[in-house]
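Undergrad: fold the following and give me the result.
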Amino acid sequence: MKIFVVDDDLISRMALIDAINSVGGDVFDLVEYESGDDAWRALQGKGVPPMLICCDIRMPGISGLELLEKVRAKSETKDLPFVLISSANDAETIKKAVASGVSGFIVKPFAHDDAKTRMSKALNLARHKSIESPAETMTRLKLSLERYKAYLSGLSGQVHHLMGELHNLNDGELKKIKDKCEPIRLGCTTLGMWRAAALLAFVKSEASSYEDMVDSLGEIIQQVHYQNTSL
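TA: Numbering: from 1, shown residues only. Next comes the predicted model:
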């Protein structure tokens, strides 16, 4: 599950990554950028999008606030959870960020416990927008716990099988793998795994590459694991 960490200061990025790992374990693919310009170029590309952006407000080039405004103005990313890293004297900028739809703030210099608490809230928001809770899915589909676990196991098996086929792929056969994504996408949609379904819709497209498919299937495997550990 991809998260963008955007800050021109290496030490600040390290501290933020530590806060993320301390509340999220090692399930996240943390992608670091030294500038808002680099992060915006990545968002403009055709690769797998992040589920959350954590960005410093004050940077050379595109500031964190400007990046937030660009993200909110783009239809594909307008609902993407976005956390700004601010200093205590950023009160006026914070007002503008709230008006632009920021999802949360982490204040630096980082107090570890406070950063963990705020990051936990941000990750919960990102998950809520990405995936339905097991309890909600079971209620919606009127499933017993055993049946829900069986569905997750079946979905996991399909994804692992497709990943195996992908690793043994011969040149020119990628389309055959893409054609097999649709049943899995429908299964993800049924089980409330909305980001997984969106990723599969993306990898089915002509714009996606082999690397995009590997990244997407790997993330879906992580999401299934997360659902299992949430039971």
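Undergrad: name the SS class of residue 114, please.
TA: helix (DSSP: H, G, I helix; E, B strand; the rest coil).
Undergrad: what strand or helix carries the residue nearest to it when sequence neighbours are not counted?
TA: Spatial nearest neighbour of residue 114, excluding adjacent residues (C-beta to C-beta, 6 or more residues apart in numbering): residue 107 at 7.1 Å. Using the backbone N, CA and C atoms, a C-beta is placed for each residue, glycine as well. Under the criterion of DSSP states H and E, residue 107 resides in strand 104-108.
Undergrad: avg pLDDT for that strand?
TA: Averaging pLDDT along strand 104-108 gives 85.
Undergrad: contacts for that strand, please.
TA: 12, 15-16, 19, 54, 81, 83-88, 94, 97, 114-115, 118-119, 121-122, 125 (C-beta atoms under 8 Å, 6 or more residues apart in numbering).
Undergrad: please pick the buried ones from those residues.
TA: Neighbour counting over the contacts of strand 104-108 (16 or more other C-beta atoms under 10 Å) leaves 12, 15-16, 19, 54, 81, 83-86, 94, 97, 115, 118-119, 122, 125 as the buried ones.
Undergrad: per-residue pLDDT, residue 144?
TA: 96.
Undergrad: how about it, nearest residue that isn't a chain neighbour?
TA: residue 138 is the one closest to residue 144 (C-beta to C-beta, 6+ apart), at 7.5 Å.
Undergrad: now for residue 227: which residues touch it?
TA: The contact partners of residue 227, taken as C-beta under 8 Å, 6+ apart, are 131, 134, 152, 191, 193.
Undergrad: filter those down to just the ones in helices.
TA: 134, 152 (DSSP state H).
Undergrad: quick check: residue 36 touching residue 58?
TA: No: using C-beta atoms under 8 Å, residue 36 makes no contact with residue 58, being 10.2 Å away.
Undergrad: compare these two (neighbour count), which wins?
TA: residue 36 (26 against 15; other C-beta atoms under 10 Å).
Undergrad: quick one: contacts of stretch 116-124?
TA: By C-beta under 8 Å, 6+ apart, the list of residues contacting stretch 116-124 reads 16, 19-20, 22-24, 52, 54, 81, 83, 103-106.
Undergrad: run the last query once more with 6 Å
TA: For stretch 116-124, contacts defined as C-beta atoms under 6 Å, 6 or more residues apart in numbering pick out 19-20, 22-24, 83, 104, 106.
Undergrad: same check on stretch 58-68?
TA: 8, 35-37, 40, 55-57, 82, 84, 93, 97, 100, 102.
Undergrad: what sits closest to the residue nearest the centre of the chain if chain neighbours are left out?
TA: For the chain, residue 51 is the residue whose C-alpha lies nearest the centre (C-alpha atoms, centre = their mean; 2.1 Å). Spatial nearest neighbour of residue 51, excluding adjacent residues (C-beta to C-beta, 6+ apart): residue 126 at 4.8 Å.
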